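S.K.: No letters, just coordinates:
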């Protein structure tokens, strides 16, 4: 494919909507719209008792609570993905990670988003303090035994959805013999 034109059709504080005009393989002009957003981190935290630390967080786009792994944007100048992961985990859950292992880095949703997601495993996290969430965040911290995680995700709390990224971690963590 050949890109003919690219323009920003919307620019907000955290994202841009971009429209790309391109030629298909048969020479037809088409366009694709996508969202450009800052890269992000997500953390799979596990306590010494083999409990996964999750968040039940209210998400405006879906007008519902969602069970997710702790995560956040790389939006602090000069902050590395590892530093952002430690900060987000502590801020949102109160848990501290002595060790963070980069498990994989991947596009989040390449059909719609252009950002990458840095996915970390945090073994033996410890509760250090009460979570200090932002005013815009409504978060309940959940502890789920690793052995019961899949069942919990298949039957989440009432009026709660589940972020599919949680399940993408499990086979990779098992393959790397981290869990």
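M.R.: Good, I have the coordinates. Everything quoted here is computed from the prediction, not taken from an experiment.
S.K.: List the buried residues for the longest helix seen in the chain?
M.R.: Of all segments of type helix in the chain, defined using DSSP state H, the longest is helix 81-93. Neighbour counts over helix 81-93 (16 or more other C-beta atoms under 10 Å) mark 81, 84, 85, 86, 88, 89, 90, 91, 92, 93 as buried. C-beta coordinates here come from the backbone N, C-alpha and C atoms, glycine included.
S.K.: So which residues of this protein form helices?
M.R.: Under DSSP H, the chain gives helices at 81-93, 149-154, 165-175.
S.K.: The shortest one packs against which elements?
M.R.: Counting by 3 or more C-beta pairs under 8 Å, 6 or more residues apart in numbering; DSSP states H and E, the packing neighbours recorded for helix 149-154 are helix 165-175.
S.K.: now do 10 Å
M.R.: strand 51-59, strand 139-145, strand 160-162, helix 165-175 (3 or more C-beta pairs under 10 Å, 6 or more residues apart in numbering; DSSP states H and E).
S.K.: Pick the most buried one from these.
M.R.: Among those, strand 51-59 has the highest mean neighbour count (mean count of other C-beta atoms under 10 Å), at a mean of 20.
S.K.: want to throw the helices of the chain into a markdown table with distance to residue 114?
M.R.: What follows is the helices of the chain, written out as a markdown table (distance: least, C-beta to C-beta, whole Å):
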| stretch | distance to residue 114 |
| --- | --- |
| helix 81-93 | 17 |
| helix 149-154 | 28 |
| helix 165-175 | 17 |
